[in-house]
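Peer 1: I would like to see how this sequence folds:
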Amino acid sequence: MSDRQHRELKDTSRRFGGASRPPDGAPPPREGAPRPDEDAPRPTGDAARPLEGVRVLELGQILAGPLATSILGWFGAEVIKVEPPGAGDPIRTWRVLEDGTSLWFRSLARNKKLVAIDLKKREGQDLVRRLALECDVLVENFRPGTLERWGLAPDELRKEKPELIVARVSGFGQTGPYRERRGFASVCEAFGGLRYVTGMPGETPVRSNVSIGDSVAAFQAVIGILLALFRRERSPGRSDVRRGSDVGHGADVGHGSDAGRGADVGRGDVIDVAIYEAVFHHGSDAHRVRPARRRA
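Peer 2: Sure thing, here's the model as predicted:
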């Protein structure tokens, strides 16, 4: 680990209670963005990226949530990624490895601050609560009900910080009859109709060579987050609710609490992204032009 990475991890550890370190045996990405100092001047004008000063907490793993936060980080957001102690995010060991770490993970985790916290323990849950209350955005892609079970429900967090924006990505959404089902992207791609338009007529549908379901859901989460940030900064105290059809297919943006941080900052929103729904809308045009399959 470089001296620069050591300094970043120590700085995050001091600020957030000493639990900041990469998972055991899993090296962090080669490069990382230094932690912005609250008192340090930020870039302005052409040198500033559009999300400079926005702090994002990433909970979850694999692809949909981490890809969404990566996109935010590319445009200047400070991203703190929480991983389970030990092996860390499973995607660390997927596909092509370099020095024991997946190149895919290095791509997703670059510029993020990596923090190992055991969310199954009360101490870890308390620490994540403290982190969330110092962030502008929380992104998670656990199965619905997981945050609630850990005492980290968005409604509870936003009682203490009404301006917090929470983006939730799952296979079938936070409500409805299928909310408890596992949200594997391959299943959601089939459920949303994507597998119907892949392969050859009369043959078994094939998987695309990219994770389209997770990726499209991540894009929808980013759209919802950006709209929520825009509305929060522009319209403090507003109480209107916009459905998914108003903000981008697959994302449902709901209103937040009536309280605000101040006259210049409004309330946050909760963004509900279902992978199957994002896939369905993404492929709806293809469904209209694809001829019906004929069985051999």
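
Peer 1: okay, CA-based contacts and neighbour counts for the rest of this
Peer 2: Fine.

Peer 1: Now do the nearest residue to residue 94 once chain neighbours are set aside: how many residues are near it, please.
Peer 2: Leaving aside its sequence neighbours, residue 94 sits nearest to residue 102 (C-alpha to C-alpha, 6 or more residues apart in numbering; 5.6 Å). Neighbour count for residue 102, taken as other C-alpha atoms under 10 Å: 20.

Peer 1: Repeat that for the one 3 residues further on.
Peer 2: By other C-alpha under 10 Å, 23 other residues sit near residue 105.

Peer 1: tell me the contacts of the residue lying closest to it once chain neighbours are set aside?
Peer 2: Of all residues not flanking residue 105 in the chain, residue 92 sits nearest, at 5.2 Å (C-alpha to C-alpha, 6+ apart). When contacts are counted by C-alpha atoms under 8 Å, 6 or more residues apart in numbering, residue 92 touches 26, 101, 102, 104, 105, 106.

Peer 1: and these, which of them are in strands?
Peer 2: Among the contacts of residue 92, the members falling in strands (DSSP state E) are 101, 102.

Peer 1: For residue 62, see how far away the residue nearest to residue 94 is.
Peer 2: 12 Å (C-alpha to C-alpha, to the nearest Å).

Peer 1: quick one: common contacting residues for those two?
Peer 2: In contact with both residue 102 and residue 62: residue 91, using C-alpha under 8 Å, 6+ apart.

Peer 1: on that earlier part again, CSV for the contacts of residue 92, including pLDDT?
Peer 2: Output for those, formatted as CSV (pLDDT from 0 to 100):
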residue, pLDDT
26, 46
101, 79
102, 84
104, 79
105, 88
106, 89
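
Peer 1: biggest separation within the contacts of residue 92, which pair?
Peer 2: 26 and 104 (13.8 Å; C-alpha to C-alpha).

Peer 1: so which of the contacts of residue 92 comes closest to residue 195?
Peer 2: Checking the contacts of residue 92 one by one against residue 195 (C-alpha to C-alpha), the nearest turns out to be residue 104, at 24.0 Å.

Peer 1: burial count for that closest one?
Peer 2: 16.

Peer 1: cool, the one 10 residues further on as well?
Peer 2: By the criterion of other C-alpha under 10 Å, residue 114 has 25 neighbours.

Peer 1: That one contacts residue 83, correct?
Peer 2: Yes. Shown here, residue 114 and residue 83 form a contact pair, counting by C-alpha atoms under 8 Å, at 7.2 Å.

Peer 1: just to revisit the earlier point, checking my notes, the residue nearest to residue 105 in a helix, right?
Peer 2: Yes. Using DSSP: H, G, I helix; E, B strand; the rest coil, the assignment for residue 92 is a helix.

Peer 1: Give the buried residues for the lengthiest helix in the chain.
Peer 2: Longest helix of the chain, by residue count under DSSP state H: helix 212-234. Of the residues in helix 212-234, 212-226, 228-229, 231-232 count as buried by neighbour count, 16 or more other C-alpha atoms under 10 Å.

Peer 1: Break down the stretch 151-296 of the chain into its strands, ranges please.
Peer 2: 165-170, 251-254, 270-274 (DSSP state E, counting those that start in this stretch).

Peer 1: now those strands as JSON lines including mean neighbour count?
Peer 2: Shown next, in JSON lines, are these (neighbours: other C-alpha atoms under 10 Å):
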{"stretch": "strand 165-170", "mean neighbour count": "29"}
{"stretch": "strand 251-254", "mean neighbour count": "25"}
{"stretch": "strand 270-274", "mean neighbour count": "28"}
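
Peer 1: Show me the least confident stretch of these, going by mean pLDDT.
Peer 2: Ranked on mean pLDDT, the bottom entry among the strands of the stretch 151-296 of the chain is strand 251-254, at a mean of 57.

Peer 1: Alpha carbons only: can I get stretch 148-166 in PDB?
Peer 2: Output of stretch 148-166 as PDB, limited to C-alpha atoms (Å, rounded to 0.1, in the frame of the first residue of the first chain):
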ATOM      1  CA  GLU A 148     -34.700  -2.100   8.500                       C
ATOM      2  CA  ARG A 149     -33.500  -5.300  10.200                       C
ATOM      3  CA  TRP A 150     -30.300  -3.600  11.000                       C
ATOM      4  CA  GLY A 151     -32.000  -0.500  12.400                       C
ATOM      5  CA  LEU A 152     -30.900   1.600   9.400                       C
ATOM      6  CA  ALA A 153     -34.300   2.100   7.700                       C
ATOM      7  CA  PRO A 154     -34.300   5.300   5.600                       C
ATOM      8  CA  ASP A 155     -37.200   6.700   7.500                       C
ATOM      9  CA  GLU A 156     -35.200   6.400  10.800                       C
ATOM     10  CA  LEU A 157     -32.100   7.900   9.300                       C
ATOM     11  CA  ARG A 158     -34.000  10.800   7.800                       C
ATOM     12  CA  LYS A 159     -35.600  11.600  11.200                       C
ATOM     13  CA  GLU A 160     -32.100  12.700  12.200                       C
ATOM     14  CA  LYS A 161     -31.100  14.000   8.800                       C
ATOM     15  CA  PRO A 162     -34.100  15.000   6.700                       C
ATOM     16  CA  GLU A 163     -31.900  16.100   3.800                       C
ATOM     17  CA  LEU A 164     -30.400  12.600   3.300                       C
ATOM     18  CA  ILE A 165     -31.100  11.100  -0.100                       C
ATOM     19  CA  VAL A 166     -31.400   7.200  -0.100                       C
END
